[in-house]
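S.K.: Below are the sequence and a predicted model for it; my questions follow.
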Amino acid sequence: MKPCSRILSSYRSSLLFGVSPTKFNGSSSTIKGLFSKLHNPKSTHSHKYHRCDSQILGFIRLMNLNRRDFSVPDSNWACSRNFSTRFCGNLCNVRPRVVSLIPNVSSGIRNQSTSVDPHVNDTSFDKIFIQSGLNAKPLVVERNETDQGKLEEVAEERSDGSCVNIDNLEDLNKSKVESELSEIEKEAWKLLRSAVVTYCGNPVGTVAANDPADKQPLNYDQVFFRDFVPSALAFLLNGEGEIVKNFLLHTLQLQSWEKTVDCYSPGQGLMAASFKVRTVPLDGNNEAFEEVLDPDFGESAIGRVAPVDSGLWWIILLRAYGKLTGDYALQERVDVQTGIRLILKLCLTDGFDMFPSLLVTDGSCMIDRRMGIHGHPLEIQALFYSALRCSREMLTVNDATKSLVAAVSNRLSALSFHMREYYWVDMKKINEIYRYKTEEYSMDAVNKFNIYPEQIPSWLVDWIPEEGGYFMGNLQPAHMDFRFFTLGNLWAIVSSLGTTRQNKEILKLVETKWDDLVSQMPLKICYPALEGEEWRIITGCDPKNTPWSYHNGGSWPTLLWQFTLACIKMGKPELAQKAIDVAEKRLSVDRWPEYYDTRNGKFIGKQSRMMQTWTIAGFLTSKMLLKNPEKASLLFWEEDFELLQNCVCMLNKTGRRKCSRFAARAQILV
């Protein structure tokens, strides 16, 4: 994908990409006119967006004026996306040939810190040097096949100066599945392909739901980051990587790349929750139209909560793309590297929090409504840990990034110990909590978070098996959320956030409590449901999250693929097959619902959307993972002993005798 990008925006600075206009080697009159308009603070536009037409493929973004961003074009870009559209017609035939980003992510990382200091000489995302000036002609990229059967890109100058994209678009209507498929799999592939969204003629994602009978789709006609992940894996496992590459690059361009003081603006590095391809009049002309990408950073969501998990899923999917296609060049692009670093910088910034876990608000992940998961919910910690492991693999290590890589490794070590030590629940741990002493004040306190034994719920006493355990849903001072959250526990297995013993015991728990967590439709998003006064207080009497419905104990078939991946890793594929067989009996008959209600998952969700894409994709991905366990092995992580041995706690440097390093090292021997 070699796009030409345009953007309509107002500029309040005379510096374009942080470079003085005198660094450009273009016509003085043209440059003078360009920068005089860019510098004019009174110049206003109603929106800023990317655009494309019959000749141009671009990243098009529709957003508010208080969102300003910049991109890092490289040899794959035909035009910079940060020129005003009023000039793009003239500038489209002049492009920077070489763009280099100052690679210094941060400076002055404190010794043994797990955070990135955002205040010390941090100019890495503020300056971009453009060489060769504005006189360079655009490149037309052709694909040739070498003798080794690999594709290489050959650039050829085009005399007419037009911006074009001649990448071949994969025909998503032609299935590459050569093995025999069952009728339900054929139906699922047909539905998945019908949900594909195209932008400027290229596939860029799948809508959340594609039910023709739905007259009020709300935001289900958008491409959600978390929803697209199972769709992306289905395409990747089927040998179709172009749609995933397009998604990764287009959504990268929607990333917020500039800090603002407006409280309704996304933070630097934040990824959108979703986006929609819209058709709008071209420059006020009602007879000509263009496509734009309209992102939602949470400002339109119920509750207006920014998505914490979108950036984490983006990093995880980027690694999966490289592993399953072998195209690691995408990870090495300067704009992609910068995108990873911006997400990490947002997550690793120092704050008031003392824990290595990530502090977030309610509704910031798959459970996007008020459900009492604010603070340090397990789902975010497991995805955070996975994204950190992905980033450590993909980041280009040099003198400028070594401090960031060190911060990632340190945070991984600290987070690993923290989760294994304090979030783990089994019969032994509950007995310990039952005998806790409270109001302990010392470094040697056993009850470090001042948990009151009376918090142990009655349902847990009868529910927890003698063998098996799990990571609890949340941990904060004087508060333990003992609910079982499926997604977080599955990703703890996939990413090796838990020890080998803990991972085995999670699956042992699921197997033992099969009737509660799977029953007639896998899998419960959490267990048990909030009921009675607890439901009224914690959810605010949410009419959608009534007991055993939606996020409050509902059953979500999309969790199948993550369950399958965890089972394959732990050598229990038969357990995944059992769950798939349960789902396969009903999904097609019930028209692929979003979720199921009741304690045993017997009824279709009362507000469930039909033809839910991630239900379809989750089923297909699960089937393909079981058929290709060698590919599944590329998507999970084994234990990293180096992380445990380098645990960052600094307790020994402050005179504290108990150090997490030794406790963490002991856990790997279990």
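M.R.: Sure, I can see it.

S.K.: Show me where the chain dips below the pLDDT cut-off.
M.R.: Under the criterion pLDDT under 70, the flagged ranges of the chain are 1-179, 257-262, 264, 646-670.

S.K.: Could you point out the longest helix of it?
M.R.: helix 402-422 (DSSP state H).

S.K.: What strands flank the very next helix or strand once past that one, and is each parallel or antiparallel?
M.R.: Next along the chain after helix 402-422, taking DSSP states H and E as the criterion, comes strand 424-425. Taking DSSP bridges as the criterion, strand 424-425 sits next to strand 470-476 (antiparallel) in its sheet.

S.K.: Which helix or strand contains the nearest residue to residue 491 once chain neighbours are set aside?
M.R.: Using C-beta to C-beta, 6 or more residues apart in numbering and skipping residues adjacent in sequence, the residue nearest residue 491 is residue 382, 3.7 Å away. To be clear about C-beta, it is placed using only N, CA and C from the backbone, and glycine gets the same treatment. Residue 382 is part of helix 378-394 when elements are defined by DSSP H and E.

S.K.: returning to what we had before: spell out which residues sit in contact with the residue nearest to residue 491, please.
M.R.: 471, 487, 488, 489, 490, 491, 492, 495, 497 (C-beta atoms under 8 Å, 6 or more residues apart in numbering).

S.K.: buried sites along stretch 214-222?
M.R.: Of the residues in stretch 214-222, 219, 220, 221, 222 count as buried by neighbour count, 16 or more other C-beta atoms under 10 Å.

S.K.: Closest one to residue 292 out of those residues, please.
M.R.: residue 222 (13.3 Å; C-beta to C-beta).

S.K.: is it true that the closest one touches residue 272?
M.R.: No - counting by C-beta atoms under 8 Å, residue 222 stays clear of residue 272, with 9.7 Å between them.

S.K.: Common neighbours of the two, please.
M.R.: Residues touching both residue 222 and residue 272 (C-beta under 8 Å, 6+ apart) are residue 296.

S.K.: all strands in the stretch 401-550 of the chain, in order from the N-terminus.
M.R.: For the stretch 401-550 of the chain, the strands defined by DSSP state E, counting those that start in this stretch cover 424-425, 470-476, 479-485, 526-527.

S.K.: now those as JSON lines including mean neighbour count and distance to residue 441?
M.R.: JSON lines is the format used below for these (neighbours: other C-beta atoms under 10 Å; distance: least, C-beta to C-beta, whole Å):
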{"stretch": "strand 424-425", "mean neighbour count": "20", "distance to residue 441": "25"}
{"stretch": "strand 470-476", "mean neighbour count": "23", "distance to residue 441": "18"}
{"stretch": "strand 479-485", "mean neighbour count": "22", "distance to residue 441": "19"}
{"stretch": "strand 526-527", "mean neighbour count": "22", "distance to residue 441": "34"}
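
S.K.: With distance to residue 509 as new columns, can these be given to me in TSV?
M.R.: Below are the strands of the stretch 401-550 of the chain laid out as TSV (distance: least, C-beta to C-beta, whole Å):
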stretch	distance to residue 509
strand 424-425	10
strand 470-476	5
strand 479-485	8
strand 526-527	10
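
S.K.: Ok, which of those comes nearest residue 233?
M.R.: The nearest among these, by C-beta to C-beta, is strand 479-485 at 21.4 Å.

S.K.: Return the alpha-carbon coordinates of that closest one using CSV.
M.R.: Taking Å, rounded to 0.1, in the frame of the first residue of the first chain, the C-alpha atoms of strand 479-485 are listed here in CSV:
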residue,chain,number,x,y,z
HIS,A,479,-10.5,-4.0,47.6
MET,A,480,-10.2,-7.3,45.8
ASP,A,481,-12.5,-8.1,42.9
PHE,A,482,-12.8,-11.9,43.1
ARG,A,483,-14.8,-12.2,39.9
PHE,A,484,-13.4,-14.5,37.2
PHE,A,485,-12.8,-12.5,34.0
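
S.K.: Paired strands for it, with orientation please.
M.R.: strand 470-476 (antiparallel), strand 526-527 (antiparallel).

S.K.: what does the first one contact?
M.R.: With contacts defined as C-beta under 8 Å, 6+ apart, strand 470-476 is touched by 357, 372-373, 375-378, 382, 419, 422-426, 449, 480-485, 488-489, 492, 497-498, 502, 505-506, 509, 526.

S.K.: What of the shortest one?
M.R.: The list of residues contacting strand 526-527 from outside it, by C-beta under 8 Å, 6+ apart, reads 367, 371, 473, 483-486, 513, 516-517, 551-553.
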